[in-house]
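Engineer: quick one, what's the 3D model for this:
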Amino acid sequence: MRAQDTPGSGRLKGIAWMIVSTLLLSSMHTTVQFMSTDMHPLQLAFFRLLFALLVVLPFFWRHGMAPLKTKKLGLLTLRGVLNVCAMFCFFSALGMAPLPDVTALSFTAPLFATSLAFLLLKERMGWRRLAAILTGFAGTLIVLRPGFQEISLGYFLVLGATVFWGTCVIIIRELGKTESSVTITTYMSLVMAPIALIPAIFVWQWPTGTQLIGLVALGLLGGGGQMAMTQALRHTETYVSMPFDYLRLIWVSISGYVLFADVPDLYVWIGGTVIFASTAFITMRERRKVEPPAPRT
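Structural biologist: All right, here's what the predicted structure looks like:
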């Protein structure tokens, strides 16, 4: 069911799916930070991808090998390679920087996606969209506060992850026109898991029984969150569902305080809000670009 075909109830479904996605992904990020004290991020990334296949197994049981049918294998593979790089950077960042800070900076992914669309796809960029991008990057500086606090490697890693994710957003836009959320999620793990296994071998340690439970949960949370977000974007317009992604900052602030005693300071909230507001504005501009103006009565 396409977004443009489902104005009323479809939007409510899209919002509900996005809220579910924020809960699942925030829980995954919290689990990564909790487990990164005992396991290397490279190994965590591999198991997250491996066990994410459990989410799509019921679809194979019902539809057979149909979810693997695609005419865009090259694009799905490219997306998988870039996503591996993003996941390695992000999981490493979660072990080095406070969870709310990492989440606030992750909101810059749409800014990089818009910038890359301008540079690579030659999309037009008006002064309003350019101003929104610059405002978003100003919000990044508010979170980082260079010169006022030490910027750890974790902050640079999460920004590197958002550059890779921004590129993936452009690819997913194209894939979403023809591929189902099951196909996109399945190929994500099928492509990424073998690639992630190679560096994970060099830091390999066999998980204990308790760690194995956490790794399975990691895969289920990540795979479920990815599928829920894809479903949200299929049920309704991006400008309707994406503002609810801001809930991630609230969820991780709660879990970070309860589990790690991480208290996000005022600059994180201000910077995160500025970044998110700029990305929301860009999303609204995207909507106006693709939708014709309403006829006058």
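Engineer: downstream of the lowest-mean-pLDDT helix or strand in the chain, the next helix or strand is which one?
Structural biologist: Least confident helix or strand, the chain: helix 238-241 with a mean of 66, by mean pLDDT, DSSP states H and E. Using DSSP states H and E, the next helix or strand after helix 238-241 towards the C-terminus is helix 247-260.
Engineer: got the buried residues for that following helix?
Structural biologist: Residues of helix 247-260 classed as buried by neighbour count (16 or more other Cβ atoms under 10 Å): Arg248, Leu249, Trp251, Val252, Ser253, Ser255, Gly256. For every residue, glycine as well, the C-beta is placed using N, CA and C.
Engineer: mind checking how far the spatially most central residue of the chain is from Arg79?
Structural biologist: In the chain, the residue lying closest to the centroid (Cα atoms, centre = their mean) is Trp165, at 6.9 Å. Trp165 is 11 Å from Arg79, where distance means Cβ to Cβ, to the nearest Å.
Engineer: the residue nearest to the centre of the chain reaches Pro110, doesn't it?
Structural biologist: No. Counting by Cβ atoms under 8 Å, Trp165 does not reach Pro110; the two are 9.0 Å apart.
Engineer: ok now stretch 217-231, how far from the chain's centre?
Structural biologist: 10 Å (Cα atoms, centre = their mean, to the nearest Å).
Engineer: now stretch 128-135
Structural biologist: Distance, centroid of stretch 128-135 to centroid of chain: 21 Å (Cα atoms, centre = their mean).
Engineer: in it, which residues are buried?
Structural biologist: Arg129, Ala132, Ile133, Thr135.
Engineer: show me the contact partners of it.
Structural biologist: Leu111, Thr114, Ser115, Val274, Ala277, Ser278, Thr279, Phe281, Ile282, Arg285 (Cβ atoms under 8 Å, 6 or more residues apart in numbering).
Engineer: before we move on, the earlier item: from the chain's centre, how far out does the helix or strand harbouring the residue nearest to the centre of the chain sit?
Structural biologist: Taking DSSP H and E as the criterion, Trp165 maps to helix 153-175. The chain centroid and the centroid of helix 153-175 are separated by 8 Å, computed with Cα atoms, centre = their mean.
Engineer: run through the stretch 101-250 of the chain and note the low-pLDDT ranges.
Structural biologist: 120-123, 125, 146-150, 237-240, 242 (pLDDT under 70).
Engineer: okay, helices next: where are they in it?
Structural biologist: Listed in chain order, the helices of the stretch 101-250 of the chain (DSSP state H, counting those that start in this stretch) span 109-120, 127-144, 153-175, 181-201, 209-235, 238-241, 247-260.
Engineer: tell me which of these lies nearest to Leu24.
Structural biologist: For those, proximity to Leu24 was assessed by Cβ to Cβ; helix 209-235 is nearest, at 3.5 Å.
Engineer: please point out which parts of that closest one sit buried.
Structural biologist: 211, 214-235.
Engineer: same question for stretch 193-213.
Structural biologist: Buried-residue list, stretch 193-213, by 16+ other Cβ under 10 Å: Ala193, Ile195, Ala196, Leu197, Pro199, Ala200, Pro207, Gln211.
Engineer: ok, which pair from these is furthest apart?
Structural biologist: Ile195 and Gln211 (22.3 Å).
Engineer: tilt between the stretch of helix or strand Thr22 belongs to and helix 247-260?
Structural biologist: Assigned by DSSP H and E, Thr22 belongs to helix 9-35. Per axes from the mean of the first three to the mean of the last three Cα atoms, to 10 degrees, the angle that helix 9-35 makes with helix 247-260 is 30 degrees.
Engineer: so which other helices or strands are in contact with helix 9-35?
Structural biologist: If you count contacts as 3 or more Cβ pairs under 8 Å, 6 or more residues apart in numbering; DSSP states H and E, helix 9-35 packs onto helix 41-63, helix 73-94, helix 99-106, helix 209-235, helix 238-241, helix 247-260.
Engineer: which one of these lies nearest to Arg124?
Structural biologist: Ranking the helices and strands packed on helix 9-35 by proximity to Arg124 (Cβ to Cβ) places helix 238-241 first, at 18.0 Å.
Engineer: so Arg11 sits right up against His235, yeah?
Structural biologist: Yes. Counting by Cβ under 8 Å, Arg11 touches His235, with 7.4 Å between them.
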